[in-house]
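> Below: sequence and its predicted model.
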Amino acid sequence: MDLKKILKQKIISEVISPSTEWPVLIYDRTCAEILKNLFTKSEFITYNIVMSLYLEEDREQANFPVIYFVKCTKEISKIINSDYLNKKYTSFTVCTLVPPEDLNHDITFKIVHMSLKALEERVFITDITNINSVCNILNAYFYLEYTSKDLEKYSNILDDESKSRSGKLILFDRSIDLYTPILHFFTFQPLLEEINITDMSKIYEEYGDTALWKEVRHTHLGDMSDLLKSYVRKVKTQPSDNIKDLMKAVMDAPETLKTNKGLRLFFDLTKECYKKFDYINEFSNIEQKIVTKEKLKSKDVIKALTERKIDLYDKKRIALLYKLSGHEYTERELAKLDENLKNFILENKTNANDKFKPISYEYKYEYEVSKYEPTISVVLREYIKNNKQLIPFYKVEREKNTINSLRRTNLISVKKDINKNNICCIYIKGGVTYEEIKCIYKLTDELGIEFLIGSDSIIKSDLYIK
C-alpha cells in the first residue's frame, strides 16, 4: 500500500482531471501542504494544467478556466468572489476541503474529502476530526476502537450507519508512551533528526521516494555500514554484453547517478551519526535501564545529571525519563543539580505526565543500546497476534470484525487490489515519532497486515524539553 500514490491519484481524478480544457490551478496554503509532497510544479503540465499559483500571490487576468483547490473559509471565499466579479478567468470551479463559507452562489463548487498530508507510503498527518478523509481516499470505512476514556468523545467520528465496515481504526493518546519522544534511538532517521541537519527537508524532498532512502531510514546504525556497502556493490556491478541488459543500463543511468549521489551523502551522514552515537553512548545505558525497568541506583542517575560531558539538554531528557518512571527526587538529590536542571524538574508537571503509566514487558533486543521498544509496537503486536490486551481497548460495537493476516504464504490467491478487511489504521492524538513510524512498517512485514499510522504532527524531544 502506498498512501502517497493513492492520494495523488485521488487528486488527479477528483480535482485536476474533470476539466477537458487547459485550466489554471490555484491553491491556498492548506492545499499546498497536501500537494507539495505529491507533485512537482513542472509535473502539472502533464495533466493539462497551464499554470499553478498560490491563491495569496499577485495573479494577473488569464484567458483560461480556473480550478481552485482550497479550504474554503470566509477569507478564501472573499478572494475567490473578487476574482469572479472581476472576471479574472473564463470559468470557475472550486474544489474545497470543507463546505464553503460565503461563496458566491453562482460559482460551481464540490467538496473533496482529502484533508490530510500523505507523508510516506504508510504515514499521514491530519487532525483527528478529519479521519474521514483517510476513509475517503481508501474508499474504506473502519470499525473503531480507542484505548483511553479521554478518546471516547471521538467514538462517533466514523458513525455513518449507511456505510459497510471493513478493517480497523484504533485511536491512541500520546500519553500511552511518553518515553519514546524523549529517549535516544539509534535508527538512522531519528539519529539524523538528533544531529539537526539544516537541510533535512531537502533530503526528504530529493530522496524520500527512492529505494535507497526507504532502505536506510529504518536501519539501525549498527547495520548501516553493511547496508551501504551492499548498495555500492550493486551499483558497481557491470551489466553483461546482453543487449537487453545494456539498454536497461542506459535507461537506468539517471537513477543510478542519483543513487550514487545518495550513497555518498548517506555515507557522510552515517559518519556524523557515529560521532553522535559516541557521545550518546556515554549515558545511553542509564536511559535504557530507566525505561526497561532494570535495576538502577538513583545515585547513578544523579551522577549522570552532574556529568560535565553531558549537555544540559540531554540531562533534562534523562531527568524527565527518570521522573516519568515514577521517581520522586529528594531534596538532597536536587541540591546536587544545576539550578536550571533543578527548576526544570520541579516545573515539569503536566496532565499527560500524570496519565502516563509505563507498561511492564520483557523486551527482546539485538543491541544493548536499543533494548526499549515503543509501547505502540508492543501493544499492537500482543493485541493482534496474541489477542492479549496490555492496555484497555474499547470497541464501538457494530458487529465483530477480525483482521486477517496477509502473510506471504497466504498471498497466492489474493488479488492485487487492497483487501480492506486487512487494513489497520493507527492514529495517535498528540503526535507521532519517527521511531514509532518505523515500528509500523516492521509490524506490517511481521504480522502481514496493512498498517497505516497517522497523527496531528511529527514530534521530537523538544516538545517536552524547553
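Nice, thanks for sending it over. Note that this is a predicted model, so its numbers are computed, not measured.
> contacts and neighbour counts: CA atoms only from here.
Fine.
> what is the mean pLDDT for stretch 199-212?
Mean per-residue pLDDT for stretch 199-212: 87.
> Please enumerate the helices of the stretch 201-350 of the chain.
For the stretch 201-350 of the chain, the helices defined by DSSP state H, counting those that start in this stretch occupy 211-216, 221-236, 243-280, 284-291, 298-305, 312-324, 331-335, 339-347.
> Asp462: which of the ones you listed is closest?
Among those, the nearest to Asp462 by CA to CA is helix 312-324 (9.1 Å).
> just so I know, which of the helices of the stretch 201-350 of the chain lies nearest Lys357?
The minimum distance between Lys357 and those falls on helix 312-324, with 8.4 Å, by CA to CA.
> Quick one: mean pLDDT over that closest one.
In this model, helix 312-324 has an average pLDDT of 95.
> Over to stretch 390-397?
For stretch 390-397, the per-residue pLDDT averages 88.
> Just the CA atoms of that stretch, as CSV, please.
Only the C-alpha atoms of stretch 390-397 are listed here, as CSV (Å, rounded to 0.1, in the frame of the first residue of the first chain):
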residue,chain,number,x,y,z
LEU,A,390,-1.6,-4.9,27.7
ILE,A,391,-3.8,-1.8,27.9
PRO,A,392,-7.6,-1.4,27.6
PHE,A,393,-9.2,-1.5,24.1
TYR,A,394,-12.7,-0.1,23.9
LYS,A,395,-14.8,-1.1,20.9
VAL,A,396,-17.5,0.9,19.3
GLU,A,397,-19.9,-2.1,18.8
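> Where do the domain boundaries of this structure fall?
The record, using automatic domain parsing to delimit domains, assigns the chain the ranges 3-111, 197-280, 283-355.
> Just give me the lowest mean pLDDT stretch among those.
When the domains of the chain are ranked by mean pLDDT, domain 197-280 comes last with a mean of 77.
> Next, the contact list for the residue most central in space within the chain, please.
In the chain, the centroid-proximal residue (CA atoms, centre = their mean) is Val123; its distance is 4.2 Å. By CA atoms under 8 Å, 6 or more residues apart in numbering, the contact list for Val123 reads Leu3, Ile437, Leu452, Ile453, Gly454.
> 6 Å instead?
Val123 makes contact with Leu452, Ile453, Gly454, according to CA atoms under 6 Å, 6 or more residues apart in numbering.
> bridging residues for the last one?
Following DSSP bridges, Gly454 is listed with bridge partners Phe124, Tyr427.
> For Phe69, see how far away Ile76 is.
The gap separating Ile76 from Phe69 is 11 Å, by CA to CA, to the nearest Å.
> Tell me which of the two has more neighbours.
Applying other CA atoms under 10 Å to Ile76 and Phe69 shows that Phe69 carries more neighbours, namely 27 against 18.
> Tell me the helices and strands packed up against the helix or strand where that one lies.
When elements are assigned from DSSP states H and E, Phe69 belongs to strand 66-70. Secondary-structure packing of strand 66-70 (3 or more CA pairs under 6 Å, 6 or more residues apart in numbering; DSSP states H and E): strand 24-27, strand 92-96.
> If we use 7 Å, what do you get?
Under the contact criterion of 3 or more CA pairs under 7 Å, 6 or more residues apart in numbering; DSSP states H and E, strand 66-70 touches strand 24-27, helix 29-36, strand 92-96.
> These into TSV, with extra columns for mean neighbour count and distance to Leu103?
Listed next are the helices and strands packed on strand 66-70 as TSV, based on neighbours: other CA atoms under 10 Å; distance: least, CA to CA, whole Å:
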stretch	mean neighbour count	distance to Leu103
strand 24-27	22	16
helix 29-36	17	18
strand 92-96	22	9
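> Distance to Lys309 for those - can I get that in CSV?
Shown next, in CSV, are the helices and strands packed on strand 66-70 (distance: least, CA to CA, whole Å):
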stretch, distance to Lys309
strand 24-27, 50
helix 29-36, 41
strand 92-96, 54
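> wait, which of the ones you listed is closest to Cys135?
helix 29-36 (16.4 Å).
> That closest one to strand 92-96, inter-axis angle?
Angle, helix 29-36 to strand 92-96, by axes from the mean of the first three to the mean of the last three CA atoms, to 10 degrees: 80 degrees.
> Dump helix 29-36 to CSV, keeping only the CA atoms.
This file holds the C-alpha atoms of helix 29-36, laid out as CSV (Å, rounded to 0.1, in the frame of the first residue of the first chain):
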residue,chain,number,x,y,z
ARG,A,29,-1.6,27.3,1.9
THR,A,30,-3.5,24.3,3.3
CYS,A,31,-3.8,22.5,0.0
ALA,A,32,-0.2,23.5,-1.0
GLU,A,33,0.9,21.3,2.0
ILE,A,34,-1.1,18.4,0.6
LEU,A,35,0.2,18.9,-2.9
LYS,A,36,3.9,19.5,-2.3
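> What strands line up against the helix or strand just after that helix, and which way round?
Sequence-wise, the next helix or strand downstream of helix 29-36 (DSSP H and E) is strand 51-54. Strand 51-54 pairs in its sheet with strand 24-27 (parallel), by DSSP bridges.
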